[in-house]
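J.: Pasting a predicted model and its sequence here:
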Amino acid sequence: MKITLGGGWGYFNLGDEALLAGYLETLRDNHDLSVTSVSPARTAAAQLHELDVSKEGKAPPSDLSLIGGGGYLNGSWLPEVRRKMLRLRRDRALVPLIAHSVELRGLAGTPLEASARELLSGAQILVRDNDSQAEALALGANDVQVTADAISLLVPHLARYRSRVPELEGKVLLNLLDITRRADASECEFDAAAVVELGTQLVSSLGERAVGLVIGEGDAEFLRRIGPLPIIAPRTVAALVSALGSAAGVYTVRMHPGLIASALGVPTVAVPYCGKVRPTLTRVGTQSTVLRSLDLEATLDSLAQAVDYSAAWQRAAEESRHALLRAVEMVEARH
């Protein structure tokens, strides 16, 4: 069956490209896959496998449109979310739609509702948290399932992407953002400005052990502002996995580096900078990586303590994979 994969691909966010890698690993052996991206060249370059990538909104004909996981169907992401839904509707054309492990936020009861309803009409919808389930039901969806974040699809294959990076051994990777400037800053579980200050304290306290990690737009600019420290900017999913797996610890604002690091057995602290973080990690079973306080010493202690989440990740991977394949099989049965 020919499947078009759409999602948050091409947006200067390597975490989203890692989600795509999980879909490719899960589906590529048994299906004819094509991918749509806002930046086809960037998406193709980030992947381990060769891809057929077209511009989003100009997908080739297919039997099924699959919208992959991520937080891009979010009403606070204006004006792009409006254009995003329009392009995804074009790619869907008249074929069945599966939305897998998506996050839906701030669409119902807003001027975006009609567009969201049109996109998701008649689709099989699987979301990554309970709030998204409630949002989907408010948009008129039926039988909405909750499943683990789509990064779990990649976890069984991480060994294929991981290689040793000697220069990062003993280092602590810091992915820091100025969350006070984000539209969703009010959702942070702590005072946003205090979280930014904690990041600055970590840079100072860790000294030569600190390495800035850039995986998204705006990361590098902020890291350069808070102090002199070496910065790495992986361009591929394999480079990201290798960096995370080689580090002694990972402190991250962006969610997916923390999820990957915890799957690799690396001490991890995930900043609950918006409302999606804790529910997503709780569904996976890694919620104990969430930042517990703004105390510097306590945070440093967490970055020195590895926790075995392998059982949680195995359950999450099986859940997400089963939900995805069952949804695809249901379409195949009707095809």
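T.: Thanks, I have it.

J.: Show me what the longest helix anywhere in the chain is packed up against.
T.: Ranked by residue count, the top helix of the chain under DSSP state H comes out as helix 310-334. With contacts defined as 3 or more CB pairs under 8 Å, 6 or more residues apart in numbering; DSSP states H and E, the packing partners of helix 310-334 are helix 14-27, strand 64-67, strand 97-105, strand 124-127, helix 255-263, helix 277-284. Placement of C-beta: from N, CA and C, glycine included.

J.: and it, how far out from the chain's middle?
T.: 17 Å (CA atoms, centre = their mean, to the nearest Å).

J.: residue contacts, Arg224?
T.: Ile231 (CB atoms under 8 Å, 6 or more residues apart in numbering).

J.: One more: the one 10 residues further on?
T.: Each residue near Pro234 by CB under 8 Å, 6+ apart is listed here: Leu14, Val214, Ile215, Leu240, Ser242, Ala243.

J.: Name the helix or strand for it, please.
T.: For Pro234, there is no helix or strand it lies in under DSSP states H and E.

J.: Could you count how many residues lie near Val211?
T.: 20 (other CB atoms under 10 Å).

J.: Let's verify it: helix, strand, or coil?
T.: strand (DSSP: H, G, I helix; E, B strand; the rest coil).

J.: Now do the same for the residue nearest to it when sequence neighbours are not counted: its pLDDT.
T.: Using CB to CB, 6 or more residues apart in numbering and skipping the chain neighbours, the partner closest in space to Val211 is Lys171 (4.7 Å). Lys171 carries a pLDDT value of 98.

J.: Go ahead and confirm Lys171 touches Leu244.
T.: No. If you go by CB atoms under 8 Å, Lys171 and Leu244 don't touch, sitting 11.1 Å apart.

J.: Of those two, give the one with the bigger neighbour count.
T.: Leu244 (30 against 22).

J.: can you tell me which residues contact the more buried one?
T.: Leu244 touches Leu173, Val250, Pro257, Ile260, Ala261, Leu264, Val266, counting by CB under 8 Å, 6+ apart.

J.: for the last one, what are its contacts?
T.: In this case it means Val266. Contacts of Val266 (CB under 8 Å, 6+ apart): Leu244, Gly245, Ala247, Ala248, Gly249, Val250, Ala306.

J.: Leu126: neighbour count?
T.: Leu126 - counted by other CB under 10 Å - has 25 other residues nearby.

J.: three-state assignment of the closest residue to Gly57 other than its chain neighbours?
T.: Of all residues not flanking Gly57 in the chain, Arg87 sits nearest, at 3.6 Å (CB to CB, 6+ apart). What three-state DSSP gives for Arg87 is helix.

J.: From what I see, Arg87 and Glu56 are in contact.
T.: Yes. Assessed by CB under 8 Å, Arg87 is found in contact with Glu56 at 4.7 Å.

J.: Which one (most neighbours) among the contacts of Leu244?
T.: So for these (other CB under 10 Å), the most neighbours sit at Pro257, 30 neighbours.

J.: that's a helix at Pro156, yeah?
T.: Yes. Assessed with three-state DSSP, Pro156 lies in a helix.

J.: Which residues are in contact with it?
T.: Per CB under 8 Å, 6+ apart, neighbours of Pro156: Glu25, Ala317.

J.: Then Ala59?
T.: Ala59 touches Thr4, Gly6, Ser34, Thr36, Ser65, Arg90, Asp91, Ala93, counting by CB under 8 Å, 6+ apart.
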